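Colleague: no sequence on hand, only this structure:
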């Protein structure tokens, strides 16, 4: 029986507000399975960071739908760490992600960086995986490896259905967390890309997170996403990016052949109240690659390709990104010209396209010109 992703309120004590935190669950309304371990000493609630952790565009006012909001993690399935920085290790992260469920961290009261010795991989038997860093945790690839990987079509992570391109789970959420120095260069799995996070299948959303200094291959006509690369989502539902930062300052942005921040094929995006700056697409030759070139160089911040898909950017700032070819801010190509794009009360400016563009900072081929509400994209 086909499973459907449903949105429910976690009915716990004190969850009587009109706008409860959200979670994704399976068709039975049951959160993902997992044994709740004896709870070690925990840092303050991950939903209320103990230190200032501001991501995204704080002035953004785009409404956030219930399914795009942060997951309530006050009752985690497992906790990484026992209250000290030393107890929060790469091995613990890898093990927790493999087991799935709602995962929080207890690494002490101060910010901590966990340098990953290997990539954390989501098992396809997990209904959901929620990683909540409480605003204190940075997961680092150390400039050597991808940080997080989910792929429903990867048999090494358990083959769960005959329709791996369109299955409801795992449902991955990353929130209140920083991803730094991820690097997928040389990894050709599913065509490459996804310097910090790679996702194929199920669902993924990003809430109140930061991505800095991530990388993927510097050439290639269609790979990308220094921060996040997504292929396939259940029932073509969108990837939500909410109140998150990609880059944010000089030298902090992502770098890849295409899509210095985000990249996808045939996937829809909803980017809300977020900040995408100082990201670069550095490939050469575009897509398809011009003769004598390796291809790439499009979508300084966002690279999207495929047939029917949509991109919505609302309440966000996209500026100071750059593309060696097309779309200093956004590259959008709907091959069958059915895709649409909406820019709603967002700022797009200073996103040079060294090769080509159809609007300032944008290369667009779709069903109709982008719908712009509020300020127009500017040079």
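Modeller: That came through fine. A quick note: this is a predicted structure, and the numbers were derived from the prediction, not measured.
Colleague: what about residue 61, how many residues nearby?
Modeller: Applying other C-beta atoms under 10 Å, we find 10 residues neighbouring residue 61. In this view, the C-beta of every residue, glycine as well, is placed from N, C-alpha and C.
Colleague: can you tell me the SS state at it?
Modeller: coil (DSSP: H, G, I helix; E, B strand; the rest coil).
Colleague: which residue comes closest to it once chain neighbours are left out?
Modeller: Spatially, and ignoring its direct neighbours in sequence, residue 61 is nearest to residue 315 (5.5 Å; C-beta to C-beta, 6 or more residues apart in numbering).
Colleague: now for the one you found: which residues touch it?
Modeller: Each residue near residue 315 by C-beta atoms under 8 Å, 6 or more residues apart in numbering is listed here: 57, 60, 61, 62, 272, 273, 274, 344, 345, 346.
Colleague: at 7 Å instead, please
Modeller: Residue 315 is in contact with 57, 60, 61, 62, 272, 273, 345, 346, counting by C-beta atoms under 7 Å, 6 or more residues apart in numbering.
Colleague: any of those buried? List them.
Modeller: Among those, those classed as buried by 16 or more other C-beta atoms under 10 Å are 57, 60, 62, 272, 273, 345, 346.
Colleague: residue 140: which of these is nearest?
Modeller: residue 57 (24.5 Å; C-beta to C-beta).
Colleague: check what pLDDT that closest one gets.
Modeller: Per-residue pLDDT puts residue 57 at 98.
Colleague: against residue 171, how distant is the residue nearest to residue 61?
Modeller: Distance of residue 315 to residue 171, given as C-beta to C-beta, to the nearest Å: 24 Å.
Colleague: please verify my assumption that residue 342 contacts residue 312.
Modeller: Yes: the pair residue 342 / residue 312 is scored as a contact, 4.7 Å apart, by C-beta atoms under 7 Å.
Colleague: assign a three-state SS to residue 96, would you?
Modeller: Under three-state DSSP, the three-state class of residue 96 is helix.
Colleague: could you find the closest non-adjacent residue to it?
Modeller: Nearest non-adjacent residue to residue 96, counting by C-beta to C-beta, 6+ apart: residue 103, 4.8 Å away.
Colleague: stretch 227-237: which residues count as buried?
Modeller: For stretch 227-237, the neighbour count (16+ other C-beta under 10 Å) marks 227, 228, 229, 230, 231, 232, 233, 234 as buried.
Colleague: am I right that the third one sits in a helix?
Modeller: No: under the criterion used here (three-state DSSP), residue 229 is strand, not part of a helix.
Colleague: that one and residue 355: what is the separation?
Modeller: Taken as C-beta to C-beta, the span from residue 229 to residue 355 is 22 Å.
Colleague: residue 296 too?
Modeller: In this view, residue 296 and residue 355 are 11 Å apart by C-beta to C-beta.
Colleague: thinking residue 295 is in contact with residue 218, fair?
Modeller: No: the pair residue 295 and residue 218 fails to qualify as a contact (C-beta under 7 Å) at a distance of 11.2 Å.
Colleague: now for the two: what residues contact both?
Modeller: Joint contacts of residue 295 and residue 218 (C-beta under 7 Å, 6+ apart) are residue 283.
Colleague: these two: which is more packed in?
Modeller: Remark: of residue 295 and residue 218, residue 295 carries more neighbours, 21 against 17, as counted by other C-beta under 10 Å.
Colleague: quick one: contacts for the more buried one?
Modeller: Counted by C-beta under 7 Å, 6+ apart, residue 295 has contacts 219, 220, 221, 283, 285, 286, 287, 288, 289.
Colleague: how about the last one: what's its closest non-neighbour residue?
Modeller: Among residues not flanking residue 289 along the chain, residue 295 sits closest, at 2.9 Å (C-beta to C-beta, 6+ apart).
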